[in-house]
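K.L.:
generate coordinates for the sequence data below:
(chains A and B)
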Amino acid sequence: MGVCEIQSLTRDYGNGRGVFDLSFSINQSEVFGFLGPNGAGKTTTIRHLMGFLKPEKGYCTIGGKDCWKDSADIQKTLGYIPGEMVFFDDMTGTEFLDFMSKYRKTKSNGRTKELLDRFELDPRSKLKKMSKGMKQKVGIVTAFMHDPEVLILDEPTSGLDPLMQNRFIELVLEEKAKGKTILMSSHMFEEVERTCDRVAIIKNGRLAALDSVETLKAAQAKKYVITLENEDAAAAFAEEGLRISGVTHNQVTVIVQNNIKELISVMNRYPVINIITPNQSLEEIFMQYYGGDRS
Amino acid sequence: MINWTLYKRGIQGSWKMLLIFAAVITMYFTVIVSMFDPALGSALNEFAKAMPELMAIVGMNPASAELVSFMEAYLYGFIMLVFPMLFCILSANKLIARHVDRGSMTYLLSAPVKRETVAFTQMKVMVTGLFALVLYATLLGIVNCEISFPGELDIGKFILLNIGVLCLQLFIGSICFLCSCIFNDSKYAVGVGAGIPALGFIVQMIANAGEKLENAKFATFFTLFDSNGIIAGEPGAIWGMVVLFAGAITLFAVSTVVFSKKDLHI
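P.N.:
Next up, the predicted model:
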């Protein structure tokens, strides 16, 4: 029994939009990546977990409690970063953080200050005047300041610069080490690769893949960039019946699923100068699921 | 059932608007009370005699020489109906629908606070504002009259009249609040929430205007607030107040349930 369970969750918005028969579960102290293109149903799923939407079919639970019926109870130990930061305009960041902590009835701890320092955020200006990145930081502090057990993070690093993205990844890894359970939706593949144990890929509201980050990467067809002596050799090499994804000058990019020996035997007959295996990111695996070509 | 942090925040967000309404009411009360002349009949009564139809449409019928009837006729037929109503419309939208529409409701609900509590607290904010506005008008009326015409105002009847207005405005407020809870879109919440009371008010104006159209009064809840009847101490007018009050409680309860059960795309 995982900390967070989603069981045959269905919500049909018509025209193939929504989520359909979605099931997965997240274990204690696991970081779970939740990927998919815009409109795939990530936010809809998260809204169900937050108790904003009532499932048409199926259910979801957090800590054994029903996300729709017991949402207020679940929220006691839950931290949430919404996909879109909308605050109360007329407040300053300080007022907002103060409001949220009183509204939640959180006992004051040193946590807020620590988070503000970590993200180098000065919250004294008006929320309305803040840049996207600053608002995002306020959202992050709000989600973590009451030291929740479960975190739901909807594209948590959008708008942050690379330095702050890195600090955020460190924060997530620290929380994970403390035994927190984290669901993170993201388009930033680096942060998923670095933090997540398992990844679910959702496509048109259905689960397209669910596996550990390692397995997903291993299942990926490997790419090899082979450099030959000259362009003629490269052109001939490309005609050898291997799966070729591109030829540029004297370089040939070959895609290999299981036939590595075949590639080696072909390479033996050609004047190969160099062979590179470009570091494949989750992004490429992801794109493969959507049949999109990334060039 | 009530979150005091949210309540405080709501009051902070309302007081500027309340101040503006209070200022408008102060102006009207001061001007109108100063026009009262027990001996000669007021200037307004001259108007009412000169063009009875026009004055009747806005609820201003020639008043008797009593100060409380004079105030009822010239302040509680239009000013005290329209301005608190405007407050209800703006306030109800701001407290629920706007947060849902913009998305800031996310933060109110990503906390261990039940939706019922959020709705109930926001309702309390609106009711507090409304109560403050009517209480202010009551005190203002009494003070104004006592300064200009000491001893002339029947304070008991005047207070009862204000309780009547409060019941009516609570009912209007509950309609606006219900719409704010039903619609996810601010423009529909305001459109319908303002539309229903505005329509009711217009129908009342039509009913006031002519004998032929008098039956139109059965088509509007404004009829339940019978200010003449309240002053005259008619039991029917008191029952009208009770019905409005009970209606308000019911609609507020329905609003809370609607808000707690609905899907929020935030």
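
K.L.:
could you use CA atoms for every contact and neighbour count after this?
P.N.:
Will do.

K.L.:
need the nearest residue in space to the residue nearest the centre of chain A, chain neighbours excluded.
P.N.:
Compute the mean C-alpha point of chain A, and by Cα atoms, centre = their mean the closest residue is A:Ser186, 2.9 Å away. With Cα to Cα, 6 or more residues apart in numbering or on different chains as the criterion, A:Ser186 has its nearest non-adjacent residue at 4.6 Å, and that residue is A:Glu155.

K.L.:
doesn't A:Gly83 make contact with that neighbour?
P.N.:
Yes: A:Glu155 lies in contact with A:Gly83 (Cα atoms under 8 Å); the separation is 5.8 Å.

K.L.:
OK, contacts around the closest residue to chain A within the stretch 1-150 of chain B?
P.N.:
Across the stretch 1-150 of chain B, the shortest distance to chain A (Cα to the nearest Cα) belongs to B:Pro112, at 4.3 Å. Going by Cα atoms under 8 Å, 6 or more residues apart in numbering or on different chains, B:Pro112 touches A:Ser71, A:Ala72, A:Asp73, A:Ile74, A:Gln75, A:Lys76, A:Arg104.

K.L.:
near chain B, from those residues?
P.N.:
A:Ser71, A:Ala72, A:Asp73, A:Ile74, A:Gln75, A:Lys76, A:Arg104 (Cα under 8 Å from any Cα of the partner chain).

K.L.:
settle this for me: the first one is touching A:Met50, isn't it.
P.N.:
Yes: at 6.8 Å, A:Ser71 counts as touching A:Met50 under the criterion of Cα under 8 Å.

K.L.:
next up, identify which helix or strand the residue positioned nearest the centre of chain B is on.
P.N.:
The centroid of chain B falls nearest to B:Gln169 when counting by Cα atoms, centre = their mean (3.0 Å). According to DSSP states H and E, B:Gln169 maps onto helix B:155-182.

K.L.:
what's the following helix or strand after that helix?
P.N.:
Downstream of helix B:155-182, the next assigned helix or strand under DSSP H and E is helix B:186-209.

K.L.:
can you give me the angle the longest helix along chain B makes with helix B:155-182?
P.N.:
Using DSSP state H to assign secondary structure, the helix with the most residues in chain B is helix B:115-148. If you take axes from the mean of the first three to the mean of the last three Cα atoms, to 10 degrees, helix B:115-148 sits at 150 degrees to helix B:155-182.

K.L.:
quick one: list the elements packing against helix B:115-148.
P.N.:
Counting contacts by 3 or more Cα pairs under 8 Å, 6 or more residues apart in numbering or on different chains; DSSP states H and E, helix B:115-148 is packed against helix B:4-34, helix B:79-92, helix B:155-182, helix B:235-261.

K.L.:
reformat those as JSON lines; add distance to A:Val252 and mean pLDDT.
P.N.:
Listed next are the helices and strands packed on helix B:115-148 as JSON lines, based on distance: least, Cα to Cα, whole Å; pLDDT from 0 to 100:
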{"stretch": "helix B:4-34", "distance to A:Val252": "64", "mean pLDDT": "93"}
{"stretch": "helix B:79-92", "distance to A:Val252": "66", "mean pLDDT": "94"}
{"stretch": "helix B:155-182", "distance to A:Val252": "61", "mean pLDDT": "95"}
{"stretch": "helix B:235-261", "distance to A:Val252": "60", "mean pLDDT": "95"}
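
K.L.:
and these, which is most packed in?
P.N.:
The highest mean neighbour count among the helices and strands packed on helix B:115-148, using mean count of other Cα atoms under 10 Å in any protein chain shown, belongs to helix B:155-182: a mean of 24.

K.L.:
ok, is it in contact with chain A or not?
P.N.:
No: contact of helix B:155-182 with chain A (Cα under 8 Å from any Cα) is absent, the minimum separation being 14.2 Å.

K.L.:
just list what that helix packs against, helices and strands only.
P.N.:
Packing partners of helix B:155-182 (3+ Cα pairs under 8 Å, 6+ apart): helix B:67-75, helix B:79-92, helix B:115-148, helix B:186-209, helix B:227-232, helix B:235-261.

K.L.:
ok so, going back, show me how far the helix holding B:Gln169 is from its chain's centre.
P.N.:
Counting by Cα atoms, centre = their mean, to the nearest Å, helix B:155-182 is centred 5 Å from the centre of its parent chain.

K.L.:
got the angle for it vs helix B:186-209?
P.N.:
140 degrees.

K.L.:
and the angle for helix B:155-182 with helix B:235-261?
P.N.:
30 degrees.

K.L.:
do you have the strands of chain A handy? List them.
P.N.:
A:4-14, A:17-26, A:31-35, A:57-62, A:65-66, A:78-81, A:150-154, A:181-185, A:198-203, A:206-212, A:222-228, A:244-248, A:251-256, A:272-276 (DSSP state E).

K.L.:
relative to A:Leu116, which of these is closest?
P.N.:
strand A:78-81 (15.7 Å; Cα to Cα).

K.L.:
how about the residues of the stretch 51-200 of chain A near chain B?
P.N.:
Listed as neighbours of chain B in the stretch 51-200 of chain A under the rule Cα under 8 Å from any Cα: A:52-54, A:71-76, A:79-80, A:82, A:86-88, A:99, A:102-104.

K.L.:
show me the shaky parts of the stretch 1-150 of chain B.
P.N.:
Scanning the stretch 1-150 of chain B with the threshold set as pLDDT under 70 gives B:38-45, B:55, B:57-65.

K.L.:
show me what from it comes close to chain A.
P.N.:
Counting by Cα under 8 Å from any Cα, the stretch 1-150 of chain B comes close to chain A at B:3, B:5-6, B:102-104, B:106-107, B:109-114.

K.L.:
which of those residues fall in helices?
P.N.:
Per DSSP H, the residues of the stretch 1-150 of chain B next to chain A map to helices at B:Thr5, B:Leu6, B:Arg102, B:Thr106, B:Tyr107, B:Leu109.

K.L.:
the third one: what's it in contact with?
P.N.:
Counting by Cα under 8 Å, 6+ apart, B:Arg102 makes contact with A:Val86.
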